[in-house]
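1. I would like the atomic coordinates for the input below:
(one chain, ligands or ions: 1)
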Amino acid sequence: MARPRSAKGRARLANDRLTEIYPGTVRELCELDFGDPFELLTATILSAQTTDVRVNMVTPELFNRYPTPDDLANADPEELEGIIRTTGFFRSKARSLIGMATALVERYDGVVPRAMADLVTVPGVGRKTANVVRSVALDEPGLPVDTHVLRLSHRLKLTEATDPVQAELDLNRFIPPAQRGLFSLRMILHGRRVCFARRPNCAACVLNDFCPSAQL
Ligand code: SF4
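-> Next up, the predicted model:
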């Protein structure tokens, strides 16, 4: 295939190639363990500044102790902090979790809202977290831009934006709504496994024949 010359062409080809090597649904590709949107929202808030593996180590006990937003909203902060301590920043995360659950109970009948405009009003929920929950648990379009997605998008020259929100809007022009969550998850996996921040493994990369940053 000819080397794509536009950002759109590179985004589409990257999407196709990454789909081949990382097949599966959003639920299968998401490395956080969860059962419903409330659990994914909880796990995503906990995943800030730590690994999904570490989050998955605390969520079984957490979900068991606080199975509903109402339970979490009424959690004893010290007990909650003890359960999530190993994920780091546990005091502020506990505050966010209780604030998030309280907002769900008080404003959304204990249900995670679907609309981006509503989700980002919930304590602890930024646009990235809202996009994760929308795309992975609610079957809505959403393209979370984290550090991996941003780095790969720059290396592939899909966007020059350094602001994640602007990068998301740029990528949205190239990736159809139904594939945005999948694209983000695949870019994250590729960033973790091949396109490392320090020394990308370009020789082993399936995008190296058209990536403008490939070093071979
Ligand atoms: S070719 Fe290299 S820089 Fe480009 S996406 Fe692959 S690993 Fe990253």
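
2. residue contacts, the residue nearest to Gly35 when sequence neighbours are not counted?
-> Take Gly35 and drop its neighbours on the chain: the residue closest to it by C-beta to C-beta, 6 or more residues apart in numbering is Phe63, 7.3 Å away. All C-beta atoms are positioned from the backbone trio N, CA, C, and that covers glycine. Residues in contact with Phe63 (C-beta atoms under 8 Å, 6 or more residues apart in numbering) are Gly35, Glu39, Thr42.

3. convert the helix or strand hosting Phe63 to CSV, retaining C-alpha atoms only.
-> Under the assignment given by DSSP states H and E, the secondary-structure element containing Phe63 is helix 52-65. This file holds the C-alpha atoms of helix 52-65, laid out as CSV (Å, rounded to 0.1, in the frame of the first residue of the first chain):
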residue,chain,number,x,y,z
ASP,A,52,-4.2,-0.7,35.9
VAL,A,53,-2.7,-3.8,37.5
ARG,A,54,-2.4,-2.1,40.8
VAL,A,55,-6.0,-0.8,40.5
ASN,A,56,-7.3,-4.3,39.8
MET,A,57,-5.6,-5.5,43.0
VAL,A,58,-7.8,-3.2,45.2
THR,A,59,-11.1,-3.1,43.3
PRO,A,60,-12.4,-6.5,44.3
GLU,A,61,-12.5,-5.5,48.0
LEU,A,62,-13.6,-2.0,47.1
PHE,A,63,-16.6,-3.2,45.0
ASN,A,64,-17.5,-5.8,47.5
ARG,A,65,-17.5,-3.2,50.4
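
4. show me which residues of the protein sit near the ligand.
-> Remark: the part of the chain in contact with the ligand comprises 152, 155-156, 194-195, 200-202, 205, 207-208, 211, 213-214, using C-beta under 6 Å from any ligand atom.

5. quick revisit: keep only those of the contacts of Phe63 that are in helices.
-> Glu39, Thr42 (DSSP state H).

6. right, and the helix or strand after the helix holding Phe63?
-> Moving toward the C-terminus from helix 52-65, the first helix or strand encountered (DSSP H and E) is helix 69-73.

7. which strands and helices sit next to that next one?
-> Secondary-structure packing of helix 69-73 (3 or more C-beta pairs under 8 Å, 6 or more residues apart in numbering; DSSP states H and E): helix 90-108.

8. quick one: the helix it packs on to chain centroid distance?
-> 19 Å (C-alpha atoms, centre = their mean, to the nearest Å).

9. can I have the buried ones of the contacts of Phe63 as a PyMOL selection?
-> Here the buried members of the contacts of Phe63 are turned into a PyMOL selection, burial being counted by 16 or more other C-beta atoms under 10 Å:
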select buried, resi 39+42
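
10. so what's the residue count around Arg192?
-> As a burial measure, Arg192 scores 13 neighbours (other C-beta atoms under 10 Å).

11. which of the helices or strands spans the nearest residue to it once chain neighbours are set aside?
-> Computed as C-beta to C-beta, 6+ apart, the closest residue to Arg192 that is not its neighbour in sequence is His148, at 6.6 Å. Using DSSP H and E, His148 falls within helix 147-155.
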